[in-house]
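Participant: I would like to see how this sequence folds:
(chains A and B, ligands or ions: 3)
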Amino acid sequence: MHEFSLMEEVLRAVRDSAREEDIRRIHRVQMTVGAMGCAFPPALETAFSVLTEGDPLFQGAALEIVERAVRVRCATCGWEAIGRDARFVCEECGSSEVEILAGEELTVDGYEGE
Amino acid sequence: MIKVTLMKKVLEGNEDAAEANRQRMKDARIFSVDMMSSPGSGKTTILERTLDALVADLNIAVVQGDVYTTRDAERVEARGARAVQINTEGACHLDATVVGEALGDLDLSDTDILFVENVGNLICPAGFELGTDQRVMVLGVTEGSDKPEKYPAMFRRCSVVLVNKIDLLPVLGMDLADFTDAIRSVNPEIEILPVSALTGEGMEAWYQWLKDGLIARREE
Ligand SMILES: Nc1nc2c(ncn2[C@@H]2O[C@H](COP(=O)(O)OP(=O)(O)O)[C@@H](O)[C@H]2O)c(=O)[nH]1
Ligand SMILES: [Mg+2]
Ligand SMILES: [Zn+2]
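Facilitator: Ligands and ions are numbered 1, 2, ... in the order given. Model prediction:
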């Protein structure tokens, strides 16, 4: 359960930025989390509510997480697969030159406030 | 209402700390390895045997982070390593900052190889680079061959996997190929070293891999 330390990083980035932008109230925080991004969205949500509780800056704020499935493409023949079918060896031509197009994200994309 | 775009990697802070560790160990001409696995795969046993084989010729340090077995630092110290125990207090992985603090407690000028025994966990350590030269997985054959497909992030991010406890393959009625196929399906490039830390089978290839890594570091 390292989502608490990840969320501390997220909140630090948002707080620092809000101070610079002179934002007093945040309504939503947006993140993107890939299936191989090493974080579990429900645990991030728990961490968000625990770590923002009682903080006026985040009063009533929501965490919005866009989840990304793993997407791969064979660099040799162009075969693509997504989610559970995403293998790292090409199912069409057997090549191991398979690139990961999506699924490794772990970013704080931005936030809205006033 | 103001919309602010950050587009910031959450692990950026850790990546910076890892880079600092990497530079520090490079300057000290140390070859370093992060050992990751589930609890009980045999990381400490592998380190013990490795120390027995190499400690006469090389100075070896171990940063111990595995919280599931509190005596691991003493176990490797008894075999001639210098060890620093990190008190992870229930954390599920090490990060580059705590490893950086541990490096401060070691005499790096006098170290050839540095191992980090990460916390036994197949999920969380994957995202947290520590700044070691290599990341190595240990997969015990008793854990079953479905682990690579269940935890691809770990296997994708390592350069070597030690398939340990191969002495138990006959008991389990399994073939080594069950494991090598499963590992290659998520990471075709990974180097697979089948070993038994109990009997010593296959361990020579691991020692050679470590020595090659150290030679490469010294030739930089
Ligand atoms: N049969 C067998 N048992 C092993 C082997 N390597 C380790 N073990 C046993 O597995 C258990 C866990 O080992 P340990 O090194 O503490 O695992 P760690 O949690 O990854 O550090 C211990 O009881 C070891 O004796 C092996 O190659 N074969
Ligand atoms: Mg151990
Ligand atoms: Zn292909």
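Participant: now do the strands in the chain.
Facilitator: Assuming you mean chain A. A:26-34, A:62-68, A:71-74, A:80-82, A:98-102, A:106-113 (DSSP state E).
Participant: if you could check chain B rather than the one you did, that'd help
Facilitator: Using DSSP E, the strands assigned to chain B run over residues B:2-9, B:31-36, B:60-64, B:82-85, B:113-117, B:134-140, B:160-164, B:191-194.
Participant: mind checking how far the residue nearest the centre of chain B is from residue B:113?
Facilitator: The structure's chain B has its C-alpha centroid closest to residue B:35; by Cα atoms, centre = their mean the separation is 1.1 Å. Remark: distance between residue B:35 and residue B:113 (Cβ to Cβ, to the nearest Å) = 12 Å. No exception for glycine: its C-beta is placed from N, CA and C like everyone else's.
Participant: equivalent analysis for residue B:206, please.
Facilitator: Separation of residue B:206 from residue B:113 (Cβ to Cβ): 12 Å.
Participant: of the two, who's got more company?
Facilitator: Neighbour count, other Cβ atoms under 10 Å in any protein chain shown: between residue B:206 and residue B:113, residue B:113 has more, with 24 against 20.
Participant: surely that one and residue B:30 touch.
Facilitator: Yes - if you go by Cβ atoms under 8 Å, residue B:113 and residue B:30 touch, sitting 6.9 Å apart.
Participant: now do stretch B:72-89: distance to the chain's middle.
Facilitator: 14 Å (Cα atoms, centre = their mean, to the nearest Å).
Participant: which residues are contacting stretch B:44-62?
Facilitator: Contacts made with stretch B:44-62 from outside it, assessed by Cβ atoms under 8 Å, 6 or more residues apart in numbering or on different chains, are listed as B:35, B:66, B:69, B:72-73, B:75-76, B:79-84, B:106, B:110-117, B:138, B:162, B:164, B:195, B:197-198, B:200, B:203, B:206-207, B:210, B:214.
Participant: buried subset of the residues you listed as a PyMOL selection?
Facilitator: In PyMOL syntax, the buried subset of those is picked out as below (16 or more other Cβ atoms under 10 Å in any protein chain shown):
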select buried, chain B and resi 35+66+72+73+75+76+79+81+82+83+84+106+111+112+113+114+115+116+117+138+162+164+195+197+203+206+210+214
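Participant: out of the contacts of stretch B:44-62, which touch chain A?
Facilitator: Among these, proximity to chain A is found for none (Cβ under 8 Å from any Cβ of the partner chain).
Participant: for ligand 1, tell me which of the contacts of stretch B:44-62 show up nearby.
Facilitator: B:66, B:69, B:164, B:197, B:198 (Cβ under 6 Å from any ligand atom).
Participant: surely the residue nearest to the centre of chain B meets residue B:139?
Facilitator: No - the criterion here is Cβ under 8 Å, and residue B:35 misses it with residue B:139 at 11.7 Å.
Participant: any low-confidence regions in chain B?
Facilitator: For chain B, the stretches flagged by pLDDT under 70 are B:67-70.
Participant: what does it have sitting close to chain A?
Facilitator: Going by Cβ under 8 Å from any Cβ, the residues of chain B near chain A are B:1-13, B:91-93, B:95, B:123-124, B:126-128, B:152-153, B:156, B:184-189.
Participant: any of the residues you listed buried? List them.
Facilitator: Buried among these by 16+ other Cβ under 10 Å: B:4, B:6, B:8, B:10-11, B:13, B:91-93, B:95, B:123-124, B:126-128, B:152-153, B:156, B:184-187.
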